[in-house]
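Q: The following block contains a protein sequence and its predicted model.
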Amino acid sequence: MSPCPCCASPTPSKPSCARRCSGPFPSRQPRPRQLAALGLSPAQMMAWNPRLVVVSVSDFGQSGPYADYAGSDLVHQAMSGIMSVTGEPDGAPVKCGVPVADFTAGLYGAMSICAQLRAVAQTGKGVHIDVPMMGTSLAIAALQTSEYFGVGKDPVKLGSAHPRNAPYQAFKAKDDYLVMAAGTQALWETVCQILKSPELLKDERFTSTALRAKNQIALKELIEVILQKDTAANWIAQFSQAGVPCCPINQYSAVLNDPQTLAMGWVQPMVMANGQQTKTVINPIKFNGTTAPIERRPPRLGEHNSEIVE
């Protein structure tokens, strides 16, 4: 690595040097050794300002044998085990359709920042927060890890089904699919009433949640025979009215125009940097009944460079 052009030091001697340095910045998020070489390790930055909350969102964490390895959302879905339980039982490996590992790490990081800012206000001492994407991806799999610790076997792919609840998956009706989540005995009894199938309640294979989960392949086949008699929309209406969690499997064109989406104001107009009108999904969280508005458009490339550097 070439010396810092600002101070001729082997590494930038202060944050402003690092900002102006024309040296080789990595294209992805810097790894621990790269940050240290730039003079921007958490310890170095906290030496400049002991009240800093320094957050390192990295692939594998700041220590351990993989600390300087490269990763991505796909890598962490695979590495953490998520892909091993995603998809159909006999299907090829698939990842989640949304970048769950990326977003999970961001959410863990944001929650940690909020917690530590209050601690800094009380103690005056900063903190370094280490957010490893592999670790946060593993942490959200409590259902699967507890299964492994409990029985000593790897969880398996179940498609849309649940390892411990049934009926709790996607079902094919006359014209389309729907999902139904009847994970309690009371909901199961309601489902049987709507299906007009009291014999299912007496079937010894389905008399408890554990037994229904164990025999859910047979249960799905029996339920789908009945669901074939009517449309998905009609079944959804009946189940929903009776309090059984049930819904269609939406395309994004459907959910973005869904009455609930529109009523909650989750889709808002936005102007792009080039003046083009578009729409976006905003932060869905409300504070005292109010959602944070869009206050500024996305910037053009480099638009804010000068104000950040200065």
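A: Looks like it arrived, so ask away.
Q: domain assignment for the chain?
A: What the record gives for the chain is the domain set 27-139, 168-249, 259-297, from automatic domain parsing.
Q: roughly how far out does the last one sit from the chain middle?
A: Relative to the chain's own centre, domain 259-297 is displaced by 20 Å; criterion: Cα atoms, centre = their mean, to the nearest Å.
Q: Stretch 256-269 too?
A: 21 Å.
Q: Just the CA atoms of that stretch, as CSV, please.
A: C-alpha atoms of stretch 256-269 as CSV (Å, rounded to 0.1, in the frame of the first residue of the first chain):
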residue,chain,number,x,y,z
LEU,A,256,-48.1,-3.2,-3.7
ASN,A,257,-51.7,-2.5,-4.6
ASP,A,258,-53.3,-4.4,-1.8
PRO,A,259,-55.9,-2.4,0.2
GLN,A,260,-54.0,-2.9,3.4
THR,A,261,-50.8,-1.6,1.9
LEU,A,262,-52.5,1.4,0.5
ALA,A,263,-54.4,2.1,3.7
MET,A,264,-51.2,2.0,5.8
GLY,A,265,-49.4,4.4,3.3
TRP,A,266,-46.5,2.0,2.8
VAL,A,267,-46.1,3.0,-0.9
GLN,A,268,-45.3,6.7,-1.5
PRO,A,269,-44.3,8.7,-4.6
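Q: just to revisit the earlier point, distance to Gly152 for the domains of the chain - can I get that in a markdown table?
A: Any C-beta I mention is one placed from the backbone N, CA and C, and that applies to glycine too. Shown next, in a markdown table, are the domains of the chain (distance: least, Cβ to Cβ, whole Å):
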| stretch | distance to Gly152 |
| --- | --- |
| domain 27-139 | 15 |
| domain 168-249 | 18 |
| domain 259-297 | 40 |
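Q: got the contact list for Met83?
A: 77, 93-95 (Cβ atoms under 8 Å, 6 or more residues apart in numbering).
Q: Can you flag the buried ones in the residues you listed?
A: By neighbour count, with 16 or more other Cβ atoms under 10 Å, those hold 77, 95 as buried.
Q: ranges for the strands of the stretch 101-250 of the chain?
A: 127-132, 168-172, 177-181, 246-248 (DSSP state E, counting those that start in this stretch).
Q: Looking at the ones you listed, spot the one closest to Ile285.
A: strand 127-132 (20.5 Å; Cβ to Cβ).
Q: Report all helices and strands that the closest one contacts.
A: helix 42-48, strand 53-58, helix 100-123 (3 or more Cβ pairs under 8 Å, 6 or more residues apart in numbering; DSSP states H and E).
Q: let's go with 7 Å and repeat that
A: strand 53-58, helix 100-123 (3 or more Cβ pairs under 7 Å, 6 or more residues apart in numbering; DSSP states H and E).
Q: just checking, Thr261 is part of a helix?
A: Yes: under DSSP: H, G, I helix; E, B strand; the rest coil, Thr261 falls within a helix.
Q: what's the pLDDT at it?
A: Per-residue confidence at Thr261 stands at 98 (pLDDT).
Q: which ones are touching it?
A: 255, 267 (Cβ atoms under 7 Å, 6 or more residues apart in numbering).
Q: roughly how far apart are it and Ile129?
A: 33 Å (Cβ to Cβ, to the nearest Å).
Q: swap in Gly150?
A: Applying Cβ to Cβ to Gly150 and Ile129 gives a distance of 31 Å.
Q: and if you look at Lys157?
A: Lys157 is 34 Å from Ile129, by Cβ to Cβ.
Q: Just send the strands of the stretch 101-250 of the chain back as CSV, with mean neighbour count too.
A: Converted to CSV, the strands of the stretch 101-250 of the chain look like this (neighbours: other Cβ atoms under 10 Å):
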stretch, mean neighbour count
strand 127-132, 19
strand 168-172, 17
strand 177-181, 18
strand 246-248, 18
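Q: Could you dump these into a markdown table with mean pLDDT and distance to Gly64 added?
A: Converted to a markdown table, those look like this (pLDDT from 0 to 100; distance: least, Cβ to Cβ, whole Å):
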| stretch | mean pLDDT | distance to Gly64 |
| --- | --- | --- |
| strand 127-132 | 93 | 9 |
| strand 168-172 | 98 | 37 |
| strand 177-181 | 98 | 38 |
| strand 246-248 | 98 | 41 |
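Q: Compare those and give me the one nearest Ser208.
A: Evaluated over these, closeness to Ser208 peaks at strand 168-172, with 14.0 Å, by Cβ to Cβ.
Q: The closest one - contacts with which helices or strands?
A: On a contact count with 3+ Cβ pairs under 7 Å, 6+ apart, strand 168-172 meets strand 177-181, helix 216-227.
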